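Asker: I'd like to go over a predicted model; first the sequence, then the structure.
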Amino acid sequence: MVKQIAQTHEFLIAVTIVFLSIVIGSINPAYFSVANLFDMLRNVTIYGILAMGTLVVLISGGIDVSFPAIAAATSYLAVKILIATGYQGPTWLPFLLALPFGLLLGMLNATIISWFRLPALIVTLGTASMTYGFVLFFIGNLTLYNLPAGMVSYRTMSLMTVRDPLVGTSSLHPSVLLLGAAVLGVWILLRFTLIGRGIYALGGNREAAERSGFNVRLIEYVVYSLAGVLASIAGVIQVVLYRNANPAALMGTELDVIAAVVLGGASITGGRGTVIGAGLGLILVTILKSGLTLVGISSEWQKVAIGIALILGASIPAIRMARRNWPMTSTLLE
Amino acid sequence: MSRELIRLDHIGKSFAGVNALKDISLTLHSGKIYCLVGENGSGKSTLIKVIAGIHQPDSGEIAFHGKVLHQFHPIEAIRQGIQVIYQDLSLFPNLTVAENLAINHLISRKRHWVWRREVRKIAVDALRKIKANLNLDARLGTLPVADRQLIAIARALLQNARLIIMDEPTTALTRNEVNILQGVIRNLKEDGISILFVSHKIDEVMEIGEHIIILRNGEKVVDRATTDLDRSSVVQAMTGRDVKPKGITFPRVAQGAPALLKVESLSCAGLFCDVSFELRVGEIVGITGLLGSGRTGLALSLFGICPANSGTLTLEGVPLKVNRIRDALANGIAYVPEDRLTEGLFLTRSIGENIAVRIVDSLVSRIHLLDHQAIQSRIREWVARLKIRASSTNLPVSSLSGGNQQRAVLARWLASNPRVLILNGPTAGIDVGSKAEIHEIVRDLAKSGIGILVISDDIPELLEVCHRILLMKRGRIAAEFERPSITEARLSEILVSA
């Protein structure tokens, strides 16, 4: 049992995280403070929610690069509506406004991919560009700073505040709870539901999934709609944490998120991936970003480090597989 | 008397004006082993799909347990206890054995939640039904094909199968594994379950089937007990012509011919060791053996995929090192793999491109651009020489039948003028008619002076083409037989006795 766990990809990533933490922490003790933990959790919230959507899409054998566009468009639209109506109430309404649009855009992706059997990469590249252009033209191209009062006060809310002599005051933002809910929800979906097994089955062997009686089309709708909904939630959190609504927010983050999920062991060709792995992959990327800052390494080198980690992370399982089947894969040998 | 399971009454089915099935009537009873035999394109798969509810027949009726059903869907056939195990097995390589076994059951029970304990329980029950013992937590992708086959059968049984249709189940299995599968099938029969075993390997069919149904051009030509038939009458019914072994005379000329390839105490760790033999000009040498005997390993080593650790190779008197595939190619050693679909062909590319890919770099104009006219003429030449039946060489190679696909692979290698040709399972998954023609081609090639190694566990095939046969056991050459001095029965016996 112990040996089995030690052989998993997740274990390897976890060991790397611990090792990096010890190195960074011994150089800068501030790394091991609760305040730093809170800061990192805050940084990881948006990406974490996006990563959960991406994980599900990747396991199903698809890919979605439209989620930053969905996140930006839906949250921008929600804020714009609220400003136009003079809404000043609590923050749950922007979430509630953005969510159906996220669902709709996700279903649009699913519809095109499923009914026309087009490659998901091309479809979502297309819908991303469409969504972005549509928002700029019809809704607005200015960054909105005059957010509703409820969203402004939500930003300063805190579940817990700590004072640290090294880092200063730091608080745990309640949107971490949304991340927790997303992680838990996706974990339950993937592990304990038949649809979840269907997502893995679809990613492993599409034809067999159809023959087994899975409703493959329904699964695709679930997968892309979920990615859309999670993107809209992440989009609103982004507006709150950065105190503005920008129609181009999060643009370009799709590859970072996909990279983190793949680093966590998800297969880009489908069928493989776990919530724990994706979470660890994301934590590793976050540590490489914020942790290296704490040690005083410039952001250019952080990008290099993330790139190296990604390539190493992808090659280690391949090397292991090759070793196990050395000298040839068993299928080639009679 | 066993009960009637399925009755087909005057079933007809056509696609785009072509009659795939013509007036087929047959009855299957419970607890019997049926074999459905026919060449490629004879209508076997259409018939299976009609029974499984995937195709609706144009005319005629189908009755399950005596009740006629009109216009039924696959799910209805499953409810009636019909399970089809397709050639690709329809399993999930990324899921565990237990999940693969349980998933269809969970779907048909319309479950929403999946509990690990329930999955395990279903899986254990399923494996008990076929008395198999497999690691439930192993990922399916890591298991050999034979184990996957058992899993597919166990999964079918979970759906209360009354009739299991197996489409070419033995194509990827070794002789030993086939024996195990036959044991499982006989056990199922004892439990009152019927099997429809679809195959074109006549020997297997004669061995396992109690009742043989033969299709030819969409018509049922034979439907009777195996005991009333013999091998040659089955072959004749399948092909509609007499494909008797022609009593080939093996010219002794190969005996005195100069050595082409000399292999001396060649070893490769984990695959084979201390292998020595000689391949003479114009000679066909067969290499046979059971699973793990090292026969494929030897071929891969000669082709540079698994380079040998020690030993020497001599080609026409010149010492030779084969450390990479490129070394083999440069010296005119060609390898035609067993699985043409995954290792041999570029399935989505055209027939012409598949043939020309090996020689295309030599057919260039003075400024090193591809000379399309020269390429086309070479393609035409080889299509004609190997009699590849295709309406156009621009069609994807996947549109060809198995026999013609194999010819396309052969054409590719022959176009590069090899000196040594290694054929691994040259007629695996190919029907009798095409098989005889490919054997003819192989014999003609040898006459033209190429040395040919044929790796196969199809004993009649080896006896049909080879001058000499080497038997491998546990990585070593255990015996050598000259063609005239060995019979089929004797060789089968030696092969199986471990």
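Answerer: That came through fine. Numbers count the residues shown, from 1 in each chain, chains lettered A, B, ... in the order given.

Asker: can you name the residue of the stretch 301-450 of chain B nearest to chain A?
Answerer: For the stretch 301-450 of chain B, the nearest residue to chain A under the criterion Cβ to the nearest Cβ is B:Cys306, separated by 5.0 Å. For every residue, glycine as well, the C-beta is placed using N, CA and C.

Asker: count of neighbours near that residue?
Answerer: B:Cys306: 23 surrounding residues under other Cβ atoms under 10 Å in any protein chain shown.

Asker: do the same with A:Leu178
Answerer: Other residues near A:Leu178 come to 20 when the count uses other Cβ under 10 Å.

Asker: helix, strand or coil for it?
Answerer: Using DSSP: H, G, I helix; E, B strand; the rest coil, the structure places A:Leu178 in helix.

Asker: quick one: pLDDT of it?
Answerer: We have a pLDDT of 94 for A:Leu178.

Asker: next: the one 5 residues further on.
Answerer: Listed pLDDT for A:Val183 reads 97.

Asker: doesn't it belong to a strand?
Answerer: No - counting by three-state DSSP, A:Val183 is not part of a strand but helix.

Asker: remind me which helix or strand the nearest residue to B:Gln71 once chain neighbours are set aside belongs to.
Answerer: Spatially, and ignoring its direct neighbours in sequence, B:Gln71 is nearest to B:Gln56 (6.0 Å; Cβ to Cβ, 6 or more residues apart in numbering or on different chains). Assigning secondary structure by DSSP states H and E places B:Gln56 outside every helix and strand.

Asker: and what of B:Leu260?
Answerer: Using DSSP H and E, B:Leu260 sits in strand B:259-268.

Asker: how about stretch B:322-334 and chain A, any contact?
Answerer: No - figure legend: stretch B:322-334 not in contact with chain A (Cβ under 8 Å from any Cβ of the partner chain); closest approach 12.8 Å.

Asker: hmm, who's touching that stretch?
Answerer: For stretch B:322-334, the surrounding residues in contact (Cβ atoms under 8 Å, 6 or more residues apart in numbering or on different chains) are B:261, B:301-305, B:307-308, B:313, B:315, B:320-321, B:335, B:413-414, B:416-422.

Asker: partner strands of the strand holding B:Leu260, parallel or antiparallel?
Answerer: Applying DSSP bridges, strand B:259-268 is found paired with strand B:272-280 (antiparallel), strand B:310-315 (antiparallel).

Asker: next, format those strands as TSV and append mean pLDDT, distance to B:Ala257 and mean neighbour count.
Answerer: As requested, the strands paired with strand B:259-268 are exported to TSV (pLDDT from 0 to 100; distance: least, Cβ to Cβ, whole Å; neighbours: other Cβ atoms under 10 Å in any protein chain shown):
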stretch	mean pLDDT	distance to B:Ala257	mean neighbour count
strand B:272-280	90	4	19
strand B:310-315	90	15	16
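
Asker: where does the closest residue to B:His211 other than its chain neighbours land in three-state SS?
Answerer: In this structure, B:His211 finds its nearest non-sequential neighbour in B:Tyr34, 5.0 Å apart by Cβ to Cβ, 6+ apart. Recorded secondary structure, B:Tyr34: strand (three-state DSSP).

Asker: and B:Tyr34, what does it touch?
Answerer: B:28, B:194-197, B:209-213.
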